[in-house]
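J.: What would the 3D arrangement of this be:
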Amino acid sequence: MRGLIAILLLIIVALGFSQSLAEIPFGTPRAKIGRHYIEEGVRETGAVNIVTSVVVNYRGFDTLGEVTVLFIAAIGLGAVLTVSGGGETRKTHPASLVLHTGCRFLFPLILVFGSYIFIHGHLTPGGGFQGGAIIASGFLLMYLGCRERRISRVASNLAESLGGLVFLVMGLLGLLFGGFFLLNFLPKGTAHTLFSAGIIPIIYIAIGFKVGSELAGIIDNLIEES
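T.: As a prediction, this is how the structure comes out:
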C-alpha cells in the first residue's frame, strides 16, 4: 500500500514538473542576472574572466564563506589526527630514482605554474582555489618522491594566516570606502592587462596562498599518519 502511494506521488510530482517546464519558452530564460554578468561584468569589475568577476566580486562574501569552511575542515582534521595519533615514529623507505628525480625537477615548476594560475585568475580560467590546489599537488609529489623533506609548519601557518588576513582586510576596506563589504574600491585599470580588476587579483593571490598552505598541511598530516 505504501509503495502504491509513493508511486502515485511520484507521478503527480513528475506531471507538475513537466507542466512547469512546458510553460517556460525553450531558450528564453526568465532570469536576467546571467545576461547582466556577461554584458556588464568587464565594465563593472575590470575582470575579463566573467567567472572570476562573479566568484570574487558579485558573490565575494560567499567565497569568503567557502574559504572559512576549508579552514575549519583543516583545523578539524589536524585536531582529530593529533588526538588519535600515538606519536610512533615510522621509518620511511626511499623512493625510486625516477620518482625522486621527478620530484626534484618538477616541484619548483609546479609551484610556478600554480602561482601563475591564481595571479592571472582575472584574465584566464583559473583562480585562487585552482592555483592553491596545484601548489598542494606539488607538495604531495614532494612527499612521494623526496620523502626526507617536510614542509615548514611555521611558514605554512604564516602563509595561511596572511592569506585570510588579506582577504578580510580587503573586505573591510571596501566597507570603509564604499559602505559595502568586499566592494571593489581600487581602480579597475585596463581590461586584458595584468594590473586590472581592482581588488580581484589581490584577493585571488590571498586565496591561492591560503588554499595551497591549508591543503599542503592536510596532506602533511595524512602522510604522517599513513
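
J.: Can you report how many residues neighbour F185?
T.: For F185, the neighbour count with other Cβ atoms under 10 Å is 15. The way it works is simple: take the backbone N, C-alpha and C, and place the C-beta from them, glycine included.

J.: gap between it and L175?
T.: Using Cβ to Cβ, to the nearest Å, we find F185 at a distance of 9 Å from L175.

J.: How about I219?
T.: Taken as Cβ to Cβ, the span from I219 to L175 is 35 Å.

J.: so after the host helix or strand of E44, what's the next helix or strand?
T.: Using DSSP states H and E, the element containing E44 is helix 33-45. Downstream of helix 33-45, the next assigned helix or strand under DSSP H and E is helix 50-52.

J.: Pull out the buried residues from that next one.
T.: The neighbour-count check on helix 50-52 (16 or more other Cβ atoms under 10 Å) flags 50, 52 as buried.

J.: shaky segments in the chain?
T.: Applying pLDDT under 70 to the chain flags residues 1-10, 12-31, 83-92, 224-226.

J.: which stretches of the chain form helices?
T.: Listed in chain order, the helices of the chain (DSSP state H) span 2-22, 33-45, 50-52, 60-84, 97-119, 128-145, 153-178, 200-225.

J.: Redo those as CSV? Include distance to H192.
T.: Shown next, in CSV, are these (distance: least, Cβ to Cβ, whole Å):
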stretch, distance to H192
helix 2-22, 40
helix 33-45, 9
helix 50-52, 13
helix 60-84, 22
helix 97-119, 15
helix 128-145, 20
helix 153-178, 23
helix 200-225, 13
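
J.: For R153, give me its contacts.
T.: Contact analysis of R153 by Cβ atoms under 8 Å, 6 or more residues apart in numbering lists 217, 220.

J.: so how far is V54 from it?
T.: Using Cβ to Cβ, R153 is found at 35 Å from V54.

J.: next one: I199
T.: To V54, I199 is 15 Å away according to Cβ to Cβ.

J.: Look at the two and report which has more neighbours.
T.: Remark: of I199 and V54, I199 carries more neighbours, 24 against 20, as counted by other Cβ under 10 Å.

J.: so what's the spatially most central residue of the chain closest to, chain neighbours aside?
T.: With distances taken as Cα atoms, centre = their mean, F129 lies nearest the centre of the chain, 2.2 Å away. Spatial nearest neighbour of F129, excluding adjacent residues (Cβ to Cβ, 6 or more residues apart in numbering): V211 at 5.5 Å.

J.: pretty sure that neighbour contacts V69?
T.: No. The pair V211 / V69 is not scored as a contact, 11.5 Å apart, by Cβ atoms under 8 Å.

J.: who has more neighbours, those two?
T.: Applying other Cβ under 10 Å to V211 and V69 shows that V211 carries more neighbours, namely 29 against 10.

J.: what's that one in contact with, if anything?
T.: Applying Cβ under 8 Å, 6+ apart to V211 gives the contacts 67, 70, 128-129, 131-133, 136, 163.

J.: Identify, from these, the entry nearest to I117.
T.: Distance to I117 across these (Cβ to Cβ) is lowest for G131, with 3.7 Å.

J.: what about the closest residue to the closest one other than its chain neighbours, how many neighbours?
T.: Spatially, and ignoring its direct neighbours in sequence, G131 is nearest to F118 (3.1 Å; Cβ to Cβ, 6+ apart). A total of 28 residues lie near F118 under the criterion other Cβ under 10 Å.

J.: Having no further points to raise, I will conclude here.
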